[in-house]
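*Asks:* model this:
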Amino acid sequence: MDVGTLLRADGGKVRALIVDDEESISQLIAMALRYEGWDVDTATTGQEALEKLRGFDPDVAVLDIMLPDFGGLQVLSRLRSEGYNLPVLFLTALDSVDDRVNGLTAGGDDYVVKPFSLEELIARLRGLVRRSQIALAQQPDPVLRVGDLTLNEDSYEVERGGDQIDVTNTEFELLRYLMRNPRRVLSKAQILDRVWSYDFNGKATVVELYISYLRKKIDSGRKPMLHTVRGAGYMLKPAE
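*Replies:* Residues are numbered from 1 along each chain as shown. Here you go, the predicted structure:
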């Protein structure tokens, strides 16, 4: 990589997710970004985009507004509801003022209309990543705290009262969702939607199972923090 290559704050390669149902377009952008020294992954549907985002953890995303299953606006809405704040550039053949306003109002950071200049698109993505990294540098530490329970979103470490607690990836995501919503009752449907994705075909009993796993790890031998609200869902709050 040359000296002009943009890097992540940790020195690693910038990661980009390109979502477009026209593979010729996504591959063209991917090729240009790889030439820039970036890591790139692609998706052709909204659902694939959500799956790739969770596994690939990109620094920036390009979203086509028109996708086969559900649109880029819905993808972005879901990302923001899950706490993902990566910058998003919309890519679309639609160029009316309303389309632009809708994209930016939904939380998008930029908007490029097809046909587009590849050089301009890359320049805009570089700008989004630079501004995002400045914002990240100004953010407080990534530790969530509820009572004596802490969760580090960067290191994936969980502690209660200074004692480290080992959790699986799914348990971590469930606990993170609960800790981002302290003292709020979350239904099984909400938890399924957030932790296992909206189209998960399993039963709500999987939520009960993982709540029981967390309860054994977090509350065992201590005053309980994880509470069942009969007929409504589950709530995490500081021990009384």
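*Asks:* Tell me how far Leu186 lies from His227.
*Replies:* According to C-beta to C-beta, to the nearest Å, Leu186 and His227 sit 11 Å apart. For glycine as for every other residue, the C-beta is placed from the backbone atoms N, C-alpha and C.
*Asks:* Now for these two: what residues contact both?
*Replies:* Both Leu186 and His227 are contacted by Tyr234, Met235, under the criterion C-beta atoms under 8 Å, 6 or more residues apart in numbering.
*Asks:* Does Met235 touch Pro224 like I think?
*Replies:* No - using C-beta atoms under 8 Å, Met235 is not in contact with Pro224, being 10.8 Å away.
*Asks:* hmm, back to that, and Leu186 and His227? Which one has more around it.
*Replies:* Remark: of Leu186 and His227, Leu186 carries more neighbours, 21 against 14, as counted by other C-beta atoms under 10 Å.
*Asks:* Packing partners of the longest helix along the chain?
*Replies:* Longest helix in the chain, counting residues (DSSP state H): helix 118-137. Using 3 or more C-beta pairs under 8 Å, 6 or more residues apart in numbering; DSSP states H and E as the contact criterion, the elements in contact with helix 118-137 are helix 23-35, strand 60-64, strand 88-92, strand 110-113.
*Asks:* CA atoms only: put that helix into PDB for me.
*Replies:* Written as PDB, here are the backbone C-alpha positions of helix 118-137 (Å, rounded to 0.1, in the frame of the first residue of the first chain):
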ATOM      1  CA  LEU A 118     -16.200   6.400  -9.800                       C
ATOM      2  CA  GLU A 119     -13.600   8.900  -8.700                       C
ATOM      3  CA  GLU A 120     -16.100  11.100  -7.100                       C
ATOM      4  CA  LEU A 121     -17.700   8.100  -5.300                       C
ATOM      5  CA  ILE A 122     -14.300   7.000  -3.900                       C
ATOM      6  CA  ALA A 123     -13.500  10.600  -2.800                       C
ATOM      7  CA  ARG A 124     -16.800  10.900  -1.000                       C
ATOM      8  CA  LEU A 125     -16.300   7.600   0.800                       C
ATOM      9  CA  ARG A 126     -12.800   8.600   1.900                       C
ATOM     10  CA  GLY A 127     -14.300  11.800   3.300                       C
ATOM     11  CA  LEU A 128     -17.000   9.900   5.200                       C
ATOM     12  CA  VAL A 129     -14.400   7.600   6.700                       C
ATOM     13  CA  ARG A 130     -12.100  10.400   7.800                       C
ATOM     14  CA  ARG A 131     -15.000  12.300   9.500                       C
ATOM     15  CA  SER A 132     -16.200   9.100  11.100                       C
ATOM     16  CA  GLN A 133     -12.800   8.400  12.600                       C
ATOM     17  CA  ILE A 134     -12.500  11.900  14.000                       C
ATOM     18  CA  ALA A 135     -15.900  11.400  15.600                       C
ATOM     19  CA  LEU A 136     -14.900   8.000  17.100                       C
ATOM     20  CA  ALA A 137     -11.700   9.600  18.600                       C
END
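*Asks:* Grab the CA positions of the helix or strand harbouring Arg54 and hand them over as PDB.
*Replies:* Arg54 is part of helix 46-56 when elements are defined by DSSP states H and E. Only the C-alpha atoms of helix 46-56 are listed here, as PDB (Å, rounded to 0.1, in the frame of the first residue of the first chain):
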ATOM      1  CA  GLY A  46     -31.100  -6.200   2.200                       C
ATOM      2  CA  GLN A  47     -31.000  -9.300   4.300                       C
ATOM      3  CA  GLU A  48     -27.600 -10.300   3.100                       C
ATOM      4  CA  ALA A  49     -26.400  -6.700   3.900                       C
ATOM      5  CA  LEU A  50     -27.600  -7.100   7.500                       C
ATOM      6  CA  GLU A  51     -25.800 -10.400   7.800                       C
ATOM      7  CA  LYS A  52     -22.600  -9.100   6.300                       C
ATOM      8  CA  LEU A  53     -22.600  -6.000   8.500                       C
ATOM      9  CA  ARG A  54     -22.700  -8.100  11.700                       C
ATOM     10  CA  GLY A  55     -19.900 -10.400  10.500                       C
ATOM     11  CA  PHE A  56     -17.700  -8.000   8.500                       C
END
